[in-house]
Structure formats: structure tokens, C-alpha cells
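Q: whatever this is, show me its structure:
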Amino acid sequence: MKPFTPADDATASIAATTSSASAAIKQQPTGAHQIRLYNAGASTVFWALGPSGVTAALTDIPLPTGAIEVITLANGAANPATHVAAITASGSATLYVSTGLGL
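A: Purely as a prediction, here's the structure:
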């Protein structure tokens, strides 16, 4: 697999706090593709994928301060993950979500 290559104008940001917040995944194709998550804040972010209205909980996947993770979405036409939600246990952080291809 080739290195992650972002799509043009395909980064969303979430201002994560102790209340769940979400953002739409930009430039999202149908089928397999990747999203890159980057925690630019001072607190661990817990994140979740889902449809519009998805919420994050402190039991979801943690992303430590400064960490970058690339995950693959295999969205089909039915029930695609269109949004990312994020929350922190304390403090705040900015979670950047970029759509692209590659790892």
C-alpha cells in the first residue's frame, strides 16, 4: 500500500471537550478508503464513527496527544459512516480528520 495521500479540501476538525462533538467526513467516496485522525490537543481524544448524530463516549477508541492514526473505512451504500465524534475526559483538544487513500 502506498503512503497516505489526502484528497483536496478533505480535512474537517472537531473541537473536542468533555461533551461529545462531531463533524462530517469530507470528500468521502463510497467503498474502501482511508481517514487520517490527528490529535493536535493536550488531552486524549476518544472517537467514534457513525451516521449523522453519532456521539463519542469515554469507552470509545482513545487517541493520545500528538498521535496520528490512519484507518480504513469500507463504506457501502447502506449505513455508511459519514461522521466522526470526539470527546475528552478532561480539558480540550482539536481532532483533525482527513480523507484520502493509502497508509
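Q: Ile68 touches Gln34, doesn't it?
A: No: with contact defined as C-beta atoms under 8 Å, Ile68 and Gln34 do not form a contacting pair (11.9 Å). Every C-beta, even on glycine, is put in place using the N, C-alpha and C of the backbone.
Q: who's in contact with the residue lying closest to Lys2 once chain neighbours are set aside?
A: Ranked by C-beta to C-beta, 6 or more residues apart in numbering and with sequence neighbours excluded, the top spatial neighbour of Lys2 is Gly102, at 4.5 Å. With contact set as C-beta atoms under 8 Å, 6 or more residues apart in numbering, Gly102 has these partners: Met1, Lys2, Pro3, Phe4, Thr5, Gln34, Val70.
Q: so how do I select the buried members of those in PyMOL?
A: Buried residues among the contacts of Gly102 (16 or more other C-beta atoms under 10 Å), as a PyMOL selection:
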select buried, resi 34+70
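Q: what distance do you get for Ser52 to Pro64?
A: Using C-beta to C-beta, to the nearest Å, Ser52 is found at 27 Å from Pro64.
Q: neighbour count winner among these two?
A: In this view Ser52 and Pro64 are compared by other C-beta atoms under 10 Å, and Pro64 has more residues nearby, 11 against 8.
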